[in-house]
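A.B. asks: how would this look folded up:
(4 chains)
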2 protein chains.
Amino acid sequence: MSNTEAKKRSYTISDLAAEFDITTRTIRFYEEKGLLTPNRNGQSRVYTPADRTKLRLILRGKRLGLSLEESRDIIDMYAPDRDNSDQLQTLIDKIREKRLQLQHQLFDIETMIQDLDEAEGRLVEALARHEDADNATDKNKTH
Amino acid sequence: MSNTEAKKRSYTISDLAAEFDITTRTIRFYEEKGLLTPNRNGQSRVYTPADRTKLRLILRGKRLGLSLEESRDIIDMYAPDRDNSDQLQTLIDKIREKRLQLQHQLFDIETMIQDLDEAEGRLVEALARHEDADNATDKNKTH
DNA sequence: GACCAAGTTGACGTTAACGTCAACGTAATA
DNA sequence: TATTACGTTGACGTTAACGTCAACTTGGTC
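C.D. replies: Okay, here's the model as predicted:
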């Protein structure tokens, strides 16, 4: 009946809310904070594929623990003012800093996954011993 | 004069605050929330190396965007009640879920690093062109 | 033209994660 | 013993990131 959500030329606010499983309030909030600047059709907001991409960047940033401010910085990196070399250099610096931080985060995650693996191993073992004990006393149990 | 902070048997609250660059208020707050349970010497808190490790886990969790609740879950995985097989199974499930989430996050980070690399490439190029333009007009400029 | 769904703008409420401050206790040191 | 440094417990304030709600408009459609 309708293009689910692929390859549209424009989206309503509830299109995007449904696709990304967030509320329309959230999307308007991002606009208030200057992260999105959709067009208008009369009073209603109309979102372009570029807006949709920005929203995706914001939500990915959230999963990575970025603040909305930080996400805005990253979004700005995609459409900077190419005549302002100061701003360009600032953005480059920010990118390099952010990349370092992400690499640190990569390491943290790998470490935490290892830790979780070890913890799981111990727990599974403890659980197995527990079941052995259950079996050994099963003759006395009805449950 | 003092062991900077390595291989101590116990720590004061400000030892830990200094080491991890957080405030003592933060550490007490984590205790209020049940993430830490230091001993006392009279009125003062005394932290063991295990407490220090927990604090490290909490802060690593924060860098990864975990809430304090989630960090507490993870901490609990290291010292569960081994007689309660229901709890063991619950913890194992939580671990597996958390690992999936972390793997997703790994992917997000790698993607974002790639994106940043591309963005930086474009910016560096734009900057280079800008400088060329500067040079080309340098004969007219004093600045 | 009455109605409904979807959208809009305020305004206010809420939660997590601390910060700030006041008022006090305590231990070592001068 | 007076000072100073460090620690403690409330109590209240703050910020980010939304949720909730009320009152309104607008575009179809029965």
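
A.B. asks: For the most centrally placed residue in chain A, which three-state class applies?
C.D. replies: The residue lying closest to the centre of chain A (Cα atoms, centre = their mean) is A:Arg60, at 2.5 Å. Recorded secondary structure, A:Arg60: helix (DSSP: H, G, I helix; E, B strand; the rest coil).

A.B. asks: hey, where'd the strands end up in chain A?
C.D. replies: For chain A, the strands defined by DSSP state E cover A:39-41, A:44-46.

A.B. asks: quick one, what contacts A:Ser71?
C.D. replies: Taking Cβ atoms under 8 Å, 6 or more residues apart in numbering or on different chains as the contact definition, A:Ser71 lies against A:35, A:57-58, A:61-62. Just so you know, the C-beta spots here come from the backbone N, C-alpha and C atoms, and that holds for glycine as well.

A.B. asks: wait, which of those is closest to B:Gly42?
C.D. replies: Proximity of the contacts of A:Ser71 to B:Gly42 was ranked by Cβ to Cβ; the top entry is A:Lys62 with 44.3 Å.

A.B. asks: Residues of chain A that sit close to DNA strand C?
C.D. replies: Residues of chain A lying close to DNA strand C (Cβ under 7 Å from any atom of the strand) are A:12-15, A:24, A:28, A:43-45.

A.B. asks: now the lengthiest helix in chain A and helix B:85-136, what's the angle there?
C.D. replies: Longest helix in chain A by number of residues (criterion: DSSP state H): helix A:85-136. Orientation check (axes from the mean of the first three to the mean of the last three Cα atoms, to 10 degrees): helix A:85-136 against helix B:85-136 gives 170 degrees.

A.B. asks: which parts of chain A sit against DNA strand D?
C.D. replies: Near DNA strand D, the residues belonging to chain A are A:22-23, A:25-26, A:29, A:33, A:42-43, A:62, A:67-69 when assessed by Cβ under 7 Å from any atom of the strand.

A.B. asks: farthest-separated two in these?
C.D. replies: With Cβ to Cβ as the measure, no two of those lie farther apart than A:Gly42 and A:Ser67, at 33.1 Å.

A.B. asks: Which one's more surrounded, these two?
C.D. replies: Per other Cβ atoms under 10 Å in any protein chain shown, whichever of A:Gly42 and A:Ser67 has more neighbours is A:Ser67, with 10 against 5.

A.B. asks: Perfect, that will be all.
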